[in-house]
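*Asks:* coords below, sequence missing:
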């Protein structure tokens, strides 16, 4: 069996030089493979294997097919050879015989390299060893591979190379392709679910005129014609809620988001979210929607609600619900219902060695307790709701306890998967929160260019109906349903540090 496995840079350089010489020889003979413009492919590997699954060994089918794909192996045995061709649906063996192909064409086949793109025509049969194969009568080189493929392309060192050269990763690791096939299926199911609930998919601007006062740091660019700085969006929320004001009562966007922040296995500077808004419901309605949506998508994509993830099983059939106060009480023993003042909260933080937030109010300290004691315990699906107003600038206050908001996040495997509110629709309250948020941002970072989105406040003044809103990361959901440890494993082209 012929393989290409360069061990050193010198090996790779030598093999590449040999391949370029082969190309030069072909061109000199008037056989440039890159002039081919199309090929009449009419069959695929997996379909043929399924069609003839019951065919006995050494049996003929009488069916002639035309295949195209990449040659992944080659075994030359004198006057007859075997190779494996990989197409869009998988691998299939081809049998190449000099008597059938002719002396000249067979000699040309023997000069082909692993990785070359070929087309072939022949009859489907099953070999003596029981493998569905194609007996080739015509073979065409469709594109020459000038670089050798690595036989194995994994491990810690090569993982970086896999992300940088995803095209090679996809060629030599077929299971990687299945991750992205499943990602596509997940997005299709999410859209299908929301469309079925009467939501309208829309698109909103990626370039926005200024930085809003939210905590995430944006990427900044410049529009030459208007001579103005612009930012890449850090959320789709405010535009979507403008549409609720405009009378589109159920709306969602599958949106690319950009945040100029750190990178780790759960974060990439650009990522995909779905944000959705529904008029005349609240955060409890959003909880019900999340649970039903997650169950539906997992069942349709994975065929089960028992999802294997990194050595454990996530049970999507059961979702726990706790307020943030209840969760902190359960896991830290501290009851914030009994805390009356900010000073008491500060004292508790010191006592329990919990980091103080920049503005140490009771509500903000409660959120720090949650981060310190609770989040890492939330392995199975859990809704945490009723968040302090200090950390929820866009959520509606609870009518009977204005220190808290009608907000929840849901957690799986100690990771936040989504965020939802009963949306704040009081324009006076919203304006005040925006202005405080921007002031606090500039106090912490005097160079900040954050601004209040007064146009959004104006939209609220026309009247936003009671609305439930939800935002969740598609990439983290794909990680869960494909058992992928890193966000880079579910992004075709993740952001990478330059090699130099």
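*Replies:* Everything's here; your move. Computed from a prediction, not measured in an experiment: that's the story for all the values here.
*Asks:* can we go C-alpha only for contacts and neighbour counts from here?
*Replies:* Fine.
*Asks:* contacting residues around residue 364?
*Replies:* 357, 388, 390, 391 (Cα atoms under 8 Å, 6 or more residues apart in numbering).
*Asks:* A helix includes it, no?
*Replies:* Yes. Counting by DSSP: H, G, I helix; E, B strand; the rest coil, residue 364 is part of a helix.
*Asks:* where's stretch 386-395 relative to the chain centroid, distance-wise?
*Replies:* Here the centre of stretch 386-395 is set off from its chain's centre by 28 Å, with Cα atoms, centre = their mean, to the nearest Å.
*Asks:* just stretch 239-251 next, same as before
*Replies:* The answer for stretch 239-251 is 26 Å, by Cα atoms, centre = their mean.
*Asks:* List the buried residues for it?
*Replies:* For stretch 239-251, burial by neighbour count (16 or more other Cα atoms under 10 Å) applies to 240, 241, 242, 243, 244, 245, 248, 249, 250, 251.
*Asks:* so where is the stretch 51-200 of the chain shaky, pLDDT-wise?
*Replies:* Counting by pLDDT under 70, the ranges of the stretch 51-200 of the chain that qualify are 152-157.
*Asks:* and the longest helix for the protein?
*Replies:* In the chain, with assignment by DSSP state H, the single longest helix is helix 174-196.
*Asks:* Mind giving me the packing neighbours of the least confident helix or strand in the chain by mean pLDDT?
*Replies:* Within the chain, no helix or strand scores below helix 156-164, which has a mean of 76 by mean pLDDT, DSSP states H and E. With contacts defined as 3 or more Cα pairs under 8 Å, 6 or more residues apart in numbering; DSSP states H and E, helix 156-164 has these neighbours: helix 166-172.
*Asks:* May I ask which two of the contacts of residue 364 are separated the most?
*Replies:* Farthest pair in the contacts of residue 364 (Cα to Cα) is 357 and 388. Separation: 13.1 Å.
*Asks:* So which of the two has more stuff around it?
*Replies:* Using other Cα atoms under 10 Å, the more surrounded residue of residue 357 and residue 388 is residue 388, with 26 against 16.
*Asks:* my guess is that one meets residue 363, correct?
*Replies:* Yes. Residue 388 is within contact range of residue 363, at 4.9 Å (criterion: Cα atoms under 8 Å).
*Asks:* Name the residues contacting each of the two.
*Replies:* Common neighbours of residue 388 and residue 363 (Cα under 8 Å, 6+ apart) are 403, 404.
*Asks:* Name the residues that touch stretch 163-171?
*Replies:* Residues outside stretch 163-171 that contact it (Cα under 8 Å, 6+ apart) are 149, 153, 162, 176, 177, 488, 489, 492, 493, 494, 496.
*Asks:* hang on, the earlier thing: any idea which of the buried residues of stretch 239-251 is closest to residue 233?
*Replies:* Looking across the buried residues of stretch 239-251 and measuring by Cα to Cα, the closest to residue 233 is residue 240, at 12.8 Å.
*Asks:* Now do the helices for the stretch 251-400 of the chain: every range, in order, please.
*Replies:* Taking DSSP state H, counting those that start in this stretch, the helices of the stretch 251-400 of the chain run over residues 283-302, 324-332, 342-351, 362-369.
*Asks:* From the chain's centroid, how far away is the last one?
*Replies:* This points to helix 362-369. 31 Å.
*Asks:* Make 21 the first number, not 1, from now on.
*Replies:* All set: I'll call the first residue 21, so the last point we hit is now helix 382-389.
*Asks:* Please point out which parts of it sit buried.
*Replies:* For helix 382-389, by 16+ other Cα under 10 Å, it's 382, 383, 384, 385, 386, 387, 388, 389.
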